[in-house]
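Chemist: below are the sequence and a predicted model for it; my questions follow.
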Amino acid sequence: MPARGYIALFRGTPLLVQMFLIYYGLGQLSAVRESFAWPLLRSPFGCAVLSLALCTAAYTAEIIRGGLLAVPRGQVEAALAVGMTRWQVLRSVIAPVTLRQALPAYSTEAILLVKSTALASLVTVWDVTGVAQQIIQRTYRTMEVFVCAAAIYLVLNFLLVRIVAWLERKLAPPRRVPPASQASASNAQPSADL
């Protein structure tokens, strides 16, 4: 129940509201100001990182849950039947299938996380968007500055997509080579009477 409540809370509320509550709200509680977490929560950067981490953790938990549900029960039972320990089943059967199933959805979540960092500028963290706004205030060149900021986000997300594509290729099961008889039949030339 606590995990479901956490996921419902952070998936059901906007990230900007979460960021404002953490940045402006937690500092008003004396218990927070006197706790070990206050050095982190005192800085805008710490609040932004914490709110982004809490929000993306809720989405990631759902992505991993979906990946775990995609593991065929028969594969787990077969692995246990041949004498694998639970740790071996997790490492050799469950984890590879879960990662293959969850990776495309997680890559989308990672891209959304990169783009969500733009909201951090609203709590005075100078990310790409915050720096762009500072440059616009000095130069009054809105279009050029935001095109450059968009290009930076585009490059970051392109690199992220390439890394995830590489991981997907590494985690893909090996392809089976067709037997020689099938390979020779598929390479045969079409007949001339067509």
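Modeler: Nice, thanks for sending it over. Residues are numbered from 1 along each chain as shown.
Chemist: so what does the helix ranked longest in the chain touch, helix or strand wise?
Modeler: Determined from DSSP state H, the single longest helix within the chain is helix 142-171. Here helix 142-171 touches helix 95-116, helix 128-139, going by 3 or more Cβ pairs under 8 Å, 6 or more residues apart in numbering; DSSP states H and E. Bear in mind the C-beta positions are built from the backbone N, C-alpha and C, glycine included.
Chemist: mean pLDDT lowest where, among those helices?
Modeler: Here those differ in mean pLDDT, and the lowest is helix 128-139 at a mean of 86.
Chemist: can I get that helix in CSV, CA atoms only?
Modeler: C-alpha atoms of helix 128-139 as CSV (Å, rounded to 0.1, in the frame of the first residue of the first chain):
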residue,chain,number,x,y,z
VAL,A,128,19.9,25.3,-19.8
THR,A,129,16.6,27.2,-19.8
GLY,A,130,17.6,29.4,-16.8
VAL,A,131,20.9,30.4,-18.5
ALA,A,132,18.9,31.0,-21.7
GLN,A,133,16.6,33.4,-19.8
GLN,A,134,19.6,35.2,-18.3
ILE,A,135,21.1,35.7,-21.8
ILE,A,136,17.8,36.9,-23.2
GLN,A,137,17.6,39.5,-20.4
ARG,A,138,21.0,40.9,-21.4
THR,A,139,20.8,40.6,-25.2
